[in-house]
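Enquirer: For reference, the sequence and a predicted model appear below.
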Amino acid sequence: MGKKLLSIYIGGEAVVKIYDNKVEKIRKPKKYRIRRLDKILRIRRTKSEAKILHLARKSGVATPIVYDVVGCKIVMEKISGEPVKHVMNAEISKKIGESVAKLHANDIIHGDITPMNMIIQDGKIYFIDFGLAFIDNKIEPKGVDLHVYFESLKAYYDDWKELKESFVEGYLRAGGSKDVVLRAEEIESRGRYVERVGLA
Amino acid sequence: MKALGIEGTAWSLSVAVVDENDVIAIAENPYIPKEGGIHPREASQHHSEHIAELIASVFSKVKPDEIDVVAFSQGPGMGGCLRVVATAARTIALKLNKPLVGVNHCLAHVEVGRWKTKAKNPVSLYVSGGNSQVIARRGNRYRVFGETLDIGIGNALDKLARYMGLKHPGGPKIEELAKKGRKYYELPYVVKGMDFSFSGLVTAAQKLYDEGVRKEDVAFSFQETAFAMLTEVTERALAYLDLDEVLLVGGVGANERLQEMLKTMCEDRDAKFFAPPKRLMGDNGAMIAYLGLLMYKHGYETPVEKSTIKPDFRIEEVVVNWD
């Protein structure tokens, strides 16, 4: 069985080593953080990510299979396919909406839904990064989840409005709550200067 | 070409003249609350009482007829303060018969940073009292990639400082205390995608203080947590956009620990770190004048009848047609 390193991606939060037959996600120390905080974050995120990858799969969302977890390293299945970031369209955004509804039905908050964290393979959307995911049953974090996705669309695509609508369509169709969609809208309006100047 | 700029979106009141190369004159008189945080009505009163003398002071260094364009911060900011600024700018423009340009305050921070550093296409971390945003340009607009879900980092620092009995502005006082901090107490680290939140962090830090933890350690733990969050989202934006420059702007950018963390992060991923001189980091009239000049040279003008203030003015609304 080969173990050829094909590429290394230095993400914002972890280094991802892609081999021909597996992927290693390693949370290396960040020198800018003091050691104590750095260690807390890296270990907590690694453990939680491995656990949630598994839970998400059980909820019916395509994710890589976790082979092993060692310290701050997760070894997982390699998903070959196109990064969603490069092939985004309304149909894909709708499918993402359906998957997110499934995650939310199981109280999985992804924490970082962006087209950068997904791969499409044979029409199936794989969620590959659960580094900031957590479990919560409240409307607010689910609303933030949607808000984060909408913001990433806005930042990256000119037709973000259409992509957003398709997502909402898929989300609602797959059982996502209308309240969560409304909350996402409210969160957007909250992020304005007037309310932030607030007096303490 | 020379531009006069007036800034006064919140506590700062500043009038400046710049040309293409540098700041020629600047006069400032910030509003400092007697106690507590910024009081919007007091701030606008302060601005209306002092704007005339600042304009006179600048005009004692630069002749009024040398001015080619009058710029003012049209928003975002506090309504009352913005109105004082807009009224003064309209008056000068009409009196001198010069064009008027209303500019976006956040964009001015970014552009003055690019002007005074070698940053070309940076991810900008804009940190001030009311704003905390990660901004980068996509095509002909700047976009906000991440921002606070509740309060700005400056407000968060002020709130904590006031709670511990320190006077406004709290940021520099927290910075001094933090230098003497020794023990790190874990505080809520809240990053969601590229967005972040500070209100839970403030509450938890206040609780530490209530429990008798040394002020120095509270300040240290707060800074280490909050600035790590800001550095992390900046790094995520670099990775996401595949960029290799970071520009730090806004008043909180003067904090040396925040600068150090961003610098370290940049070194570790072969990116370049830039920050404008301290005097141009916080709110100031020069950045407004500079952006006004830049926009005027690229065909922008704000007719008086369209110069109404925009308290919710978002950076994304401005079409950018310059390099």
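Expert: Thanks, I have the structure now.

Enquirer: And for whichever residue of chain A sits closest to chain B, nearest residue in space, chain neighbours not counted?
Expert: Here chain A gets closest to chain B at one residue, A:Gly12, 3.0 Å apart by CB to the nearest CB. Every C-beta, even on glycine, is put in place using the N, C-alpha and C of the backbone. Distances taken as CB to CB, 6 or more residues apart in numbering or on different chains place B:Arg236 nearest to A:Gly12, at 3.0 Å, with adjacent residues excluded.

Enquirer: May I ask which helix or strand encompasses residue 43?
Expert: Defaulting to chain A. Element membership of A:Ile43, judged by DSSP states H and E, is helix A:35-58.

Enquirer: Actually, chain B is the one I wanted.
Expert: Using DSSP H and E, B:Ala43 falls in helix B:40-59.

Enquirer: Show the average pLDDT along that helix.
Expert: Here helix B:40-59 scores 97 as its mean pLDDT.

Enquirer: ok so, going back, what sits up against the following helix or strand past the helix holding A:Ile43?
Expert: Next in sequence after helix A:35-58, counting helices and strands by DSSP H and E, comes strand A:66-70. Strand A:66-70 has contacts (CB atoms under 8 Å, 6 or more residues apart in numbering or on different chains) with A:22, A:46-47, A:50, A:53-54, A:74-77.

Enquirer: what about the residue of chain A closest to chain B, how many neighbours?
Expert: Look at A:Gly12: counted by other CB atoms under 10 Å in any protein chain shown, it has 21 neighbours.

Enquirer: Domain ranges for the chain, per the record?
Expert: With no chain named, the answer covers chain A. Residue ranges for the domains of chain A, per automatic domain parsing: A:5-76, A:82-196.

Enquirer: hmm, I had chain B in mind actually
Expert: B:3-109+B:280-317, B:120-276.

Enquirer: measure the last one end to end?
Expert: Start-to-end span of domain B:120-276 (CA to CA, to the nearest Å) is 13 Å.

Enquirer: tell me the average confidence for that domain?
Expert: 95.

Enquirer: Kindly report the same for stretch A:124-142.
Expert: On average, stretch A:124-142 scores 92.

Enquirer: close to chain B, is that stretch?
Expert: Yes: for stretch A:124-142, a contact with chain B is found by CB under 8 Å from any CB of the partner chain, at A:132, A:141.

Enquirer: ok, the most centrally placed residue in chain B - contacts?
Expert: Per CA atoms, centre = their mean, the C-alpha nearest to the average position across chain B is that of B:Gly250, at 3.3 Å. By CB under 8 Å, 6+ apart, the contact list for B:Gly250 reads B:109, B:125-128, B:131, B:154, B:281-282.

Enquirer: The residues you listed: which two are farthest apart?
Expert: B:Leu125 and B:Gly282 (14.4 Å; CB to CB).

Enquirer: For the residue in chain B that chain A sits nearest to, which three-state class applies?
Expert: Residue nearest to chain A within chain B (CB to the nearest CB): B:Arg236, separated by 3.0 Å. Following DSSP: H, G, I helix; E, B strand; the rest coil, the label given to B:Arg236 is helix.

Enquirer: circling back: which helices and strands sit right next to the helix holding B:Ala43?
Expert: On a contact count with 3 or more CB pairs under 8 Å, 6 or more residues apart in numbering or on different chains; DSSP states H and E, helix B:40-59 meets strand B:3-7, strand B:14-18, strand B:23-28, helix B:79-96.

Enquirer: Mind listing residues that contact it?
Expert: A:197, B:4, B:6, B:8, B:10-11, B:13-17, B:25-29, B:31, B:33, B:78-81, B:83-85, B:88, B:92.

Enquirer: same check, this time on stretch A:31-51
Expert: Against stretch A:31-51 from outside (CB under 8 Å, 6+ apart): A:13, A:25, A:27, A:29-30, A:66, A:69, A:71-74, A:130-134, B:184, B:186, B:189, B:224-225, B:228, B:231, B:260-262, B:264-265, B:268.

Enquirer: So which bits of it are buried?
Expert: A:32-34, A:37-38, A:41-42, A:45-46, A:48-50 (16 or more other CB atoms under 10 Å in any protein chain shown).

Enquirer: And for stretch B:177-187?
Expert: B:177-178, B:181, B:184-185, B:187.

Enquirer: OK, contacts around B:Pro172?
Expert: B:Ala254.

Enquirer: Is it in a helix, a strand, or coil?
Expert: helix.

Enquirer: same deal with the one 10 residues further on?
Expert: Secondary structure assignment for B:Arg182 (three-state DSSP): coil.

Enquirer: who's in contact with it?
Expert: Contacts of B:Arg182 (CB under 8 Å, 6+ apart): B:216-217, B:220.

Enquirer: Out of those, which end up buried?
Expert: Applying 16+ other CB under 10 Å to those flags B:216-217, B:220 as buried.

Enquirer: Give me the buried subset of the contacts of helix B:40-59.
Expert: By 16+ other CB under 10 Å, the contacts of helix B:40-59 give A:197, B:4, B:6, B:8, B:10-11, B:13-17, B:25-29, B:31, B:33, B:78, B:80-81, B:83-85, B:88, B:92 as buried.

Enquirer: after the helix or strand harbouring B:Val101, next one along is what?
Expert: For B:Val101, the host element (DSSP H and E) is strand B:100-104. Using DSSP H and E, the helix or strand that follows strand B:100-104 in sequence is helix B:105-116.

Enquirer: That following helix: how far from the chain's middle?
Expert: Centre-to-centre, helix B:105-116 and its host chain are 9 Å apart (CA atoms, centre = their mean, to the nearest Å).

Enquirer: Also compute the angle for whatever helix or strand comes next after that helix relative to helix B:105-116, please.
Expert: Remark: after helix B:105-116, the chain's next helix or strand is strand B:123-127, criterion DSSP H and E. Here strand B:123-127 points in a direction 120 degrees away from that of helix B:105-116 (axes from the mean of the first three to the mean of the last three CA atoms, to 10 degrees).

Enquirer: for strand B:123-127, packing partners?
Expert: Using 3+ CB pairs under 8 Å, 6+ apart, strand B:123-127 sits against helix B:105-116, strand B:132-138, helix B:215-241, strand B:245-249.
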